[in-house]
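In: 3D, please:
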Amino acid sequence: MLTIKGFNYEENKSVLCALACLIYEDEKSLFYIIKYLVDFFDFKPEIIITDFSLSLNKTLQYKNLFETNPKIIKCFFHFSQALQKKIANLKFNKKNKKIILY
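Out: Got it, this is the predicted structure:
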């Protein structure tokens, strides 16, 4: 599920811009969705707040995706969530005193 929200400064409210159900969250699919918003709805974000999805972050780095150069910010909540998952996957082998990644 891809959710794109905007912010209406006049009313001080968050506004839903797009909602897409994806089978695969790959760079190509994300590129086409964002490019559609840019081309047909004049989507020109100033700031983008994103999670730590590798495919989304690669897509946002494409040179010709936006006319403007939006500032990309990684969400701290999603960072801590990703870090928690990574730590949960670490196993400590007491015998060899090594950390094993799964």
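In: Can you report how many residues neighbour residue 85?
Out: Neighbours of residue 85 under the rule other Cβ atoms under 10 Å: 9. C-beta: built from backbone N, CA, C; applies to glycine.
In: Also residue 45?
Out: Neighbours around residue 45, by other Cβ under 10 Å: 19.
In: In a strand, it, correct?
Out: No - per DSSP: H, G, I helix; E, B strand; the rest coil, residue 45 lies outside any strand segment and is coil.
In: quick check, residue 79 in a helix?
Out: Yes - the assignment for residue 79 is a helix, going by three-state DSSP.
In: now the closest residue to it other than its chain neighbours, what's its secondary structure?
Out: Leaving aside its sequence neighbours, residue 79 sits nearest to residue 52 (Cβ to Cβ, 6 or more residues apart in numbering; 6.3 Å). Using three-state DSSP, the structure places residue 52 in coil.
In: again with residue 72
Out: strand.
In: when you give positions from now on, start the count at 32
Out: From this message on, residue numbering opens at 32, which makes the last subject residue 103.
In: how about it, what does it touch?
Out: 78, 79, 81, 88, 91 (Cβ atoms under 8 Å, 6 or more residues apart in numbering).
In: Pull the contacting residues for the second one.
Out: Right, the one you point to is residue 79. 91, 101, 102, 103, 104.
In: Just checking, which helix or strand of the protein averages the lowest pLDDT?
Out: Ranking every helix and strand in the chain by mean pLDDT, DSSP states H and E puts strand 129-132 at the bottom, with a mean of 58.
In: Show me the helices in the protein, by range?
Out: All helices of the chain, identified by DSSP state H, fall at 58-72, 85-91, 107-119.
In: related to what we said a few turns ago, distance of the residue nearest to residue 110 from residue 46?
Out: 24 Å (Cβ to Cβ, to the nearest Å).
In: again with residue 82
Out: Following Cβ to Cβ, the distance that separates residue 82 from residue 46 is 19 Å.
In: higher neighbour count, these two?
Out: A count of neighbours by other Cβ under 10 Å puts residue 82 above the other of residue 82 and residue 46, at 13 against 10.
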